[in-house]
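>>> the following block contains a protein sequence and its predicted model.
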Amino acid sequence: MHLYDFAKNLVLEAGNNIRKWMHEDLEIVAKSNPNDLVTNVDKAVETFIVNQIEAQYPNHKIIGEEGHGHHIDSTEGIVWVIDPIDGTLNFIHQRQNFAISVGIFKDGKPYAGFVYDVMRDILYHAKSSHGAYKNETPLPLLPSTQLKESIVGLNPNWLTKPKMGEILQPIIQEARTARAYGSAALEIVYVATGLLDAYVTPRLHPWDYAGGLIILQEVGGKGTNFLGEPLSITHHSTVLIGNAAIHEDIFMRHLQPKAQELQTLQQRFK
Ligand code: 2AM
Ligand code: CA
């Protein structure tokens, strides 16, 4: 089977498993802090996906949030970047508004991206240079918007952080309004489908954005870190996502003038 079809089926099957497993008792464990939670389902879904890939493609590398390949530094060959459940707090509290995110890269270049909104049964997917789809419907190229006429996605917790809050507040003040959905992967595909015009966040891991990024690029959107550099698929980063025009607008007027301060903050948020 073709790699793209294999990955697509695998993501859909993993979503089926989540819908089955979520009705059993959830075991919830805190990771780095009391609000950074993981469940037995996150781990079981990652194990399921990794086992299937390893059985079919033993030479592929796999980076997964729940413990796979965190040592991987080289992007040579085929690299899968996986978040079994993006939006774990939504999964625990709401049992909805979470996604499976999978990005596949060939020698560091985007090959395919999948973001599966499990409870709505909507698969956002894209193969590089072949366009992006919401289920079977092709997604159109994004229009250009300026910040003042735009909706910006942002986790409001960041506005409470002293230094980063000061950098982000003027962006939100200038925007038409802000929205938060609690799953970075979904927020990125919401930019790719035009529900949001931009998404800004000071700290994401590659598994949060790898899948969404490829979908975004296929509709002409842009994703970089706050310094305008390409997003890493092996290390975490600040993240600025948008249609090409608003990305430029936010970067040039709000972030680039603060590049020195952001350099320092970027270290802190690592
Ligand atoms: P998760 O649910 O897979 O942990 C919430 O605003 C979004 O940010 C979610 O996609 C969440 O992913 C991610 N996230 C939460 N805490 C994070 C952290 N400390 N570093 C990076 N990403 C984080
Ligand atoms: Ca996760």
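Alright, I've got the coordinates. Since this is a predicted model, take the numbers as computed values, not measurements. Ligands and ions are numbered 1, 2, ... in the order given.
>>> what's the closest non-adjacent residue to Lys61?
Of all residues not flanking Lys61 in the chain, Val79 sits nearest, at 4.6 Å (CB to CB, 6 or more residues apart in numbering). From N, CA and C alone the C-beta is placed, and that goes for glycine too.
>>> tally of neighbours for the one you found?
Val79: 24 surrounding residues under other CB atoms under 10 Å.
>>> gap between it and Val200?
Between Val79 and Val200 the distance is 26 Å, computed by CB to CB, to the nearest Å.
>>> could you do Asp83 as well?
Asp83 is 19 Å from Val200, where distance means CB to CB.
>>> more crowded one of those two?
With neighbours defined as other CB under 10 Å, Asp83 and Val200 compare such that Asp83 has more, 32 against 25.
>>> that one pairs with what?
Counting by DSSP bridges, Asp83 is bridged to Ser101.
>>> that one and Trp207 touch, don't they?
Yes - using CB atoms under 8 Å, Asp83 makes contact with Trp207 at a distance of 3.9 Å.
>>> please parse the protein into its domains.
3-138, 147-268 (automatic domain parsing).
>>> can you tell me if the longest one touches ligand 1.
Yes - counting by CB under 6 Å from any ligand atom, contacts between domain 3-138 and ligand 1 involve Glu65, Asp83, Asp86, Gly87, Thr88.
>>> neighbours of the fourth one, how many?
This points to Gly87. Look at Gly87: counted by other CB under 10 Å, it has 25 neighbours.
>>> quick check: closest non-adjacent residue to it.
Closest to Gly87 by CB to CB, 6+ apart is Ser183, at 3.0 Å.
>>> gap between that neighbour and ligand 1?
Going from Ser183 to ligand 1 by CB to the nearest ligand atom, to the nearest Å gives 5 Å.
>>> and if you look at Asp208?
Asp208 is 5 Å from ligand 1, by CB to the nearest ligand atom.
>>> list the buried residues for stretch 103-115?
Gly103, Ile104, Phe105, Pro110, Tyr111, Ala112, Gly113, Phe114, Val115 (16 or more other CB atoms under 10 Å).
>>> next helix or strand past the helix or strand where the third one lies?
Right, the one you point to is Phe105. Element membership of Phe105, judged by DSSP states H and E, is strand 99-106. Later in the chain than strand 99-106, the nearest helix or strand by DSSP H and E is strand 109-117.
>>> dump that following strand to PDB, restricted to CA.
Only the C-alpha atoms of strand 109-117 are listed here, as PDB (Å, rounded to 0.1, in the frame of the first residue of the first chain):
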ATOM      1  CA  LYS A 109      10.900  18.100   3.700                       C
ATOM      2  CA  PRO A 110       7.200  17.800   4.300                       C
ATOM      3  CA  TYR A 111       5.600  14.800   2.700                       C
ATOM      4  CA  ALA A 112       2.100  14.400   4.300                       C
ATOM      5  CA  GLY A 113       0.100  15.800   7.100                       C
ATOM      6  CA  PHE A 114      -3.000  14.500   9.000                       C
ATOM      7  CA  VAL A 115      -5.100  16.100  11.700                       C
ATOM      8  CA  TYR A 116      -8.100  14.100  12.700                       C
ATOM      9  CA  ASP A 117     -10.900  15.700  14.700                       C
END
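>>> if we can go back for a sec, pLDDT averaged over the strand holding Phe105, what's the number?
Per-residue pLDDT over strand 99-106 has a mean of 98.
>>> could we number from 18 for the rest of this?
Renumbered: residue one is now 18, and that last one reads strand 116-123.
>>> could you give the angle of that strand to strand 126-134?
170 degrees (axes from the mean of the first three to the mean of the last three CA atoms, to 10 degrees).
>>> burial measure for the residue of the stretch 118-267 of the chain found nearest ligand 2, as a count.
Using CB to the ion, the closest approach of the stretch 118-267 of the chain to ligand 2 is made by Trp224 at 6.8 Å. Look at Trp224: counted by other CB under 10 Å, it has 26 neighbours.
>>> what's the helix or strand for it?
In this structure, Trp224 sits in helix 223-235 according to DSSP H and E.
>>> C-terminal to that helix, what's the next element?
Going down the chain from helix 223-235, the next helix or strand is strand 238-241, by DSSP H and E.
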